[in-house]
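Novice: After the sequence you'll find the predicted model.
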Amino acid sequence: MTCDLSTDLGPLGLANPVMNASGTFGYGDEWPRLCNTAVLGAIVTKTLTLEPRAGNPPPRLQETPSGLLNSIGLQNVGVTAFLAEHLSALRALRPPVIASVGGASAEEFAAVVERLEAGALEAYELNVSCPNVAQGGLSFGRSPGETARVVRGVRRVTQRPLFVKLTPNVTDIVAIGRAALDEGATGLTAVNTFLGMEIDLERSRPRFGRVGAGLSGPAIRPLALYRIWELARSLDCPLIGAGGIVTARDAAAFMMAGATAVQVGTATLRDPARPAALVTELATFAEARGLARIRDLVASLEGLRDVP
Ligand SMILES: Cc1cc2nc3c(=O)[nH]c(=O)nc-3n(C[C@H](O)[C@H](O)[C@H](O)COP(=O)(O)O)c2cc1C
């Protein structure tokens, strides 16, 4: 029996639940050489801001015994160059495109989306882990009020599906997710990287210029999975799971815990073809279990909504 891999994120229908995670796939347009992008459920761009950004000075990456630390700092070409130089190649690939959007203020988020409307992309993912300049650099996503302000501003300029990508660096991720949904977000992506740091012992200095860096990869998978479970049992909306996903079993666990789709990030840096391979592996996994539709896996975890 073949398994129907199609799934829906609210109004956005996908051929299958697998997409790349923002920032690990460039703008998507250079990837056909490395990965069969046509088979992906969707492609997510690197986070785009209004102006081009150079990002943080090096070092920007460090492998640890348990995960990858990054401090890239939102390096991107800016929305104008994205529309002029990357979008047509990206559009030529088959999957729907989700633009990841960032900003230093709620107004910048809305301005970026307003510009992107000309590109007729299928959806947006708001990266609310960006530092909020008016709040001393604390990320928007650490405050329900600031998250709400970002979503409210963006909702004024678009009717397209809107996913808010949550930071796990909060005590109550459900409260942030609820604030986003109350302002008209279509669904939530969880999670972005976990804040960590590393020390250069020889120099007695933090390894990264900004001290804090984001941990990703298989080390965070159980942490991310728990966030999806927390969101799924409290909120009724499409969820996109991210965090350490490498194999079909990883993806299936996120789906059982409530995710409708999944993103592959750090694993792509090691093997660029991983997201595409995951599509095939997920089908094999589902068929071995006799599943006719992959959507039957979503939130199928026993007692998901019963646990106190
Ligand atoms: C090198 C690198 C760059 C990233 N850049 C972005 C970004 O631009 N926007 C964003 O929302 N998330 C970004 N992320 C976070 C990933 O999209 C993802 O949420 C996180 O890494 C967890 O998934 P993973 O463990 O599969 O990597 C980045 C992660 C890495 C490792």
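Specialist: In hand now; what should we look at? Here the structure is a predicted model, which is why all the values come from computation and not from measurement.

Novice: Every contact and neighbour count from this point should use C-alpha atoms.
Specialist: Will do.

Novice: Could you look up the SS state of residue 148?
Specialist: Per DSSP: H, G, I helix; E, B strand; the rest coil, the secondary structure class of residue 148 is helix.

Novice: Is it correct that it is in contact with residue 178?
Specialist: No - between residue 148 and residue 178 there is no contact under Cα atoms under 8 Å: 9.0 Å.

Novice: Who has more neighbours out of these two?
Specialist: Counted by other Cα atoms under 10 Å, residue 148 and residue 178 do not tie: residue 148 has more neighbours, with 24 against 21.

Novice: The more buried one: what's it in contact with?
Specialist: Taking Cα atoms under 8 Å, 6 or more residues apart in numbering, we find residue 148 in contact with 179-180, 182-183.

Novice: Now, of these, which are buried?
Specialist: Neighbour counting by 16 or more other Cα atoms under 10 Å classes 179-180, 183 among these as buried.

Novice: Between the contacts of residue 148, which sits nearest the ligand?
Specialist: When the contacts of residue 148 are compared for distance to the ligand (Cα to the nearest ligand atom), residue 180 wins out at 15.7 Å.

Novice: Can you tell me, leaving aside adjacent residues, what's nearest to the closest one?
Specialist: residue 148 (5.3 Å; Cα to Cα, 6 or more residues apart in numbering).

Novice: Tell me how far that neighbour lies from residue 35.
Specialist: Between residue 148 and residue 35 the computed distance is 36 Å (Cα to Cα, to the nearest Å).

Novice: Take the contacts of residue 148 and keep only those in strands.
Specialist: Counting by DSSP state E, those place none of their members in strands.

Novice: returning to what we had before: would you list the buried ones among the contacts of residue 148 in CSV and tack on distance to residue 116 and pLDDT?
Specialist: Below are the buried ones among the contacts of residue 148 laid out as CSV (distance: Cα to Cα, whole Å; pLDDT from 0 to 100):
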residue, distance to residue 116, pLDDT
179, 24, 98
180, 20, 98
183, 20, 98
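
Novice: pLDDT (mean, whole number) over stretch 106-124?
Specialist: For stretch 106-124, mean pLDDT rounds to 97.

Novice: touching the ligand at all, that stretch?
Specialist: No - for stretch 106-124, no contact with the ligand is found by Cα under 6 Å from any ligand atom; the gap never falls below 11.1 Å.
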